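Undergrad: Sequence and predicted model, in that order:
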Amino acid sequence: MKIKKFLTLAATFTLALSITACGGNTAAPPAEAPAEQPPAQETPAENTETQELKPEDGAKLIVWESRDERAYTDAVIKEFTEKYGVEVTVEEMSPTDQVTKLAQDGPSGLGADVVLFPHDNLGKAVATNLVFPNDFYEEKTRSSNTEAAIQGVSYDGVLYGYPRAAETYLMYYNKDLVKEVPTTMEEVIEFSKTFTDKANNKYGFMFETGNLYFAYPFLASNGGYIFGDGGADINDIGLNNEGAIKSMEVFASLKEILPVNSGDITPDIKRGLFTAGDLAMDINGPWELGGYKEALGDKLGVAPIPSIGGQPAVSFSGIKAWYVSSFTQYPQAARLFADFATSKEAQLQLSALVGSVPTNNEAQEDAQIKDDEYVSAFTEQFKSSQPMPSVPEMGNVWSPVGAALAEIWDNGKDVKETLDKAVTQVKDLNGGGDGK
C-alpha cells in the first residue's frame, strides 16, 4: 500500500476518542487527537520492487523501549546503524504508557519515531491517528508471522504493527521447594498451607491479585470473558456471568494462603521473594525468565498455570509489536528499522535474552526455541490463552475491574455483587454500553 493510500485511510478514522491508560489501575488524562497527519515522504518505486527502503538523508530515529528488554534493542540498533548508517537513540518507557505519551508528545515533535506497545492498545492508537499502517512491508510481515500475530497487530482489516513477540504467563517454581508440581488450585492451597509463613515473609504461591492481566484466569477459565465476539462486541460483557463468578470464588479462596493485600503484591516484591527462595511458585511472564534463570539456575522450573474450578487455566495473551509513529520526520527509516528489528534473527535474539515467544514462523521452528524447556512451555501456555481485546473500549476495563479484584481480595466483598458493579462501570465508560 502506498503512503498516499494509507493517508486517505487514516483520514477516515474518528478523532473524537480520547486516550486512556491500559494495563494499569488508573485512567490516563484524555489527549487531543491530532487534527491531521504530518506529511510523509513517498516511497521510491524502485525500492518497492526490491523490498528495501532507503532511509532519508540525515535520518535520525528515537525508539521507545521497556527497560526489561533494552539489551535486545541496543544490540539490534548497533547492527542497524552499522548497516544503514542511521543513528538511533533509545528512550526507556513502559510499553503500556507509550500510546498515551505519543498522543501527548507526538504533535510537538517530542515523541518517538518507532514505538512499542501490546496489541490491546492498537484500537486507541488507530482511532486517534497515532501510527502509520505497515504498508511497505505488509506482504513480508504477513507471510513471515503467525496468523494470531497478524490478527493482533491489525485493526479493521488494516495491518499496522511489526510483531516481535507473543506474550502470556505461566507458573515459575523453585524445584528445591516444590517436589510435586501442583496441577490444580486445590493442590496449590494444600502445598501453601505447609509452606506459607507470613511472619517470616515466606509464601507458597503469589500473583498480582489486583491486576486484571494476571488475574484473568480467575475470570475466564470457566467461561467468563471481557467482550463477546472474540473481544469485538462491547455490548456483550461476560465479566460477571456464571462462569466468571465460579472462577472468582476460587480466586477469593486463595487469600487464605496468600494473606497479603493486593497493593502490597508488586513485581519487585515478587521478584525479590522468588529469587531469594522465599516464594515457591510465582505466576509471571517471559520478561522475568532471564533474571530467574540467573538467580536459580537448574532449580528453576516452569509449568502450566494450575486448573481453576476443574478447568484448564485460560491466561491473557498479547502480541507486542513495533509501530511507526505518524509524526515521524523519517517514515522510511522508521519503517526500515521496524522491519529490521523483527526479523527471524532479531526475534531469536530477543528470545535468548528475555525468553520471549517469537511470532516469526521460522523462528518458532528453530531448535533454539523448540529445545528450550522454558520458552517451549510459554508456547504451550500460549495455546491455552485468549488475546486481549484491541478495541478502544478495552481502556475502560482495566480500572473498574482492577478495583473490583482489590475489593474482593482485600475486603472479602461478595463476588457477584462486586463484579456486577464493575460491569456497570465499564458500560457507563463505554457510553451506556452502546459503543457511542
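TA: Thanks, I have the structure now.
Undergrad: For Trp322, what is the enclosing helix or strand?
TA: strand 315-324 (DSSP states H and E).
Undergrad: quick one: Trp398 and Tyr216 touch, right?
TA: No: proximity of Trp398 to Tyr216 does not meet the contact threshold set by C-beta atoms under 8 Å, at 11.2 Å. The way it works is simple: take the backbone N, C-alpha and C, and place the C-beta from them, glycine included.
Undergrad: So the residue lying closest to Ala341 once chain neighbours are set aside, which state does it fall into?
TA: Once flanking residues are discounted, Ala341 sits nearest to Val76: 4.7 Å by C-beta to C-beta, 6 or more residues apart in numbering. Put simply, Val76 is helix when judged by DSSP: H, G, I helix; E, B strand; the rest coil.
Undergrad: what sits against Val76?
TA: By C-beta atoms under 8 Å, 6 or more residues apart in numbering, the residues touching Val76 are 340-341, 346, 349.
Undergrad: now Leu159
TA: Counting by C-beta under 8 Å, 6+ apart, Leu159 has contacts 133-135, 138, 141-142, 150, 153.
Undergrad: Out of those residues, which end up buried?
TA: 133-135, 138, 141, 150, 153 (16 or more other C-beta atoms under 10 Å).
Undergrad: need these in TSV with secondary structure and pLDDT, can you?
TA: Below are the buried ones among the contacts of Leu159 laid out as TSV (DSSP: H, G, I helix; E, B strand; the rest coil; pLDDT from 0 to 100):
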residue	secondary structure	pLDDT
Pro133	coil	98
Asn134	coil	98
Asp135	coil	95
Glu138	helix	97
Thr141	helix	97
Ile150	helix	92
Val153	coil	94
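Undergrad: Phi first, then psi, for Asn222.
TA: For Asn222, the backbone dihedrals are phi -110, psi 20 (criterion: degrees, to the nearest 10).
Undergrad: Compute the number of surrounding residues for Glu365.
TA: Other residues near Glu365 number 12, with proximity taken as other C-beta atoms under 10 Å.
Undergrad: And it, what's its pLDDT?
TA: Glu365 is assigned a pLDDT of 91 by the prediction.
Undergrad: How about Gly435?
TA: Value for Gly435, per-residue pLDDT: 40.
Undergrad: cool, Gly23 as well?
TA: At Gly23, the model reports a pLDDT of 35.
Undergrad: just the one 3 residues further on next, same as before
TA: Residue-level confidence at Thr26 comes out at 32, pLDDT.
Undergrad: The one 4 residues further on too?
TA: Per-residue confidence at Pro30 stands at 33 (pLDDT).
Undergrad: Quick one: name whatever helix or strand follows the strand holding Trp322.
TA: Where DSSP H and E defines the elements, the next helix or strand beyond strand 315-324 is helix 331-340.
Undergrad: Tally up the residues packed near the nearest residue to Asp236 once chain neighbours are set aside, please.
TA: Nearest non-adjacent residue to Asp236, counting by C-beta to C-beta, 6+ apart: Gly228, 3.0 Å away. Neighbour count for Gly228, taken as other C-beta under 10 Å: 14.
Undergrad: Now do the contacts for Gly228.
TA: Gly228 sits next to 235-238 when contact means C-beta under 8 Å, 6+ apart.
Undergrad: What residues of stretch 178-192 count as buried?
TA: With burial defined by 16+ other C-beta under 10 Å, the residues of stretch 178-192 counted as buried are 178, 181-182, 185-186, 188-189, 191-192.
Undergrad: hang on, the earlier thing: got a quick ChimeraX command for the buried subset of the contacts of Gly228?
TA: Selection of buried members from these for ChimeraX, criterion 16+ other C-beta under 10 Å:
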select :237,238
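Undergrad: could the contacts of Gly228 go into CSV alongside pLDDT, distance to Tyr84 and secondary structure?
TA: Formatted as CSV, the contacts of Gly228 follow (pLDDT from 0 to 100; distance: C-beta to C-beta, whole Å; DSSP: H, G, I helix; E, B strand; the rest coil):
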residue, pLDDT, distance to Tyr84, secondary structure
Asn235, 95, 47, strand
Asp236, 96, 47, strand
Ile237, 97, 47, strand
Gly238, 97, 47, coil
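Undergrad: coming back round to it: the strand holding Trp322 to helix 331-340, inter-axis angle?
TA: Angle, strand 315-324 to helix 331-340, by axes from the mean of the first three to the mean of the last three C-alpha atoms, to 10 degrees: 140 degrees.
Undergrad: Summarise which helices and strands strand 315-324 is packed against.
TA: strand 114-118, helix 147-152, strand 162-167, helix 212-215, helix 331-340, strand 385-387 (3 or more C-beta pairs under 8 Å, 6 or more residues apart in numbering; DSSP states H and E).
Undergrad: could I have that strand exported to PDB, CA atoms only?
TA: What follows is strand 315-324, C-alpha atoms only, in PDB (Å, rounded to 0.1, in the frame of the first residue of the first chain):
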ATOM      1  CA  SER A 315      -4.400 -16.800  30.600                       C
ATOM      2  CA  PHE A 316      -4.400 -13.400  28.900                       C
ATOM      3  CA  SER A 317      -2.100 -13.100  25.900                       C
ATOM      4  CA  GLY A 318      -0.800 -10.200  23.800                       C
ATOM      5  CA  ILE A 319       1.200  -9.500  20.800                       C
ATOM      6  CA  LYS A 320       4.000  -7.000  21.400                       C
ATOM      7  CA  ALA A 321       5.000  -5.100  18.300                       C
ATOM      8  CA  TRP A 322       6.800  -2.100  16.900                       C
ATOM      9  CA  TYR A 323       4.700   0.700  15.300                       C
ATOM     10  CA  VAL A 324       5.800   3.700  13.200                       C
END
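Undergrad: Many thanks, have a good one.
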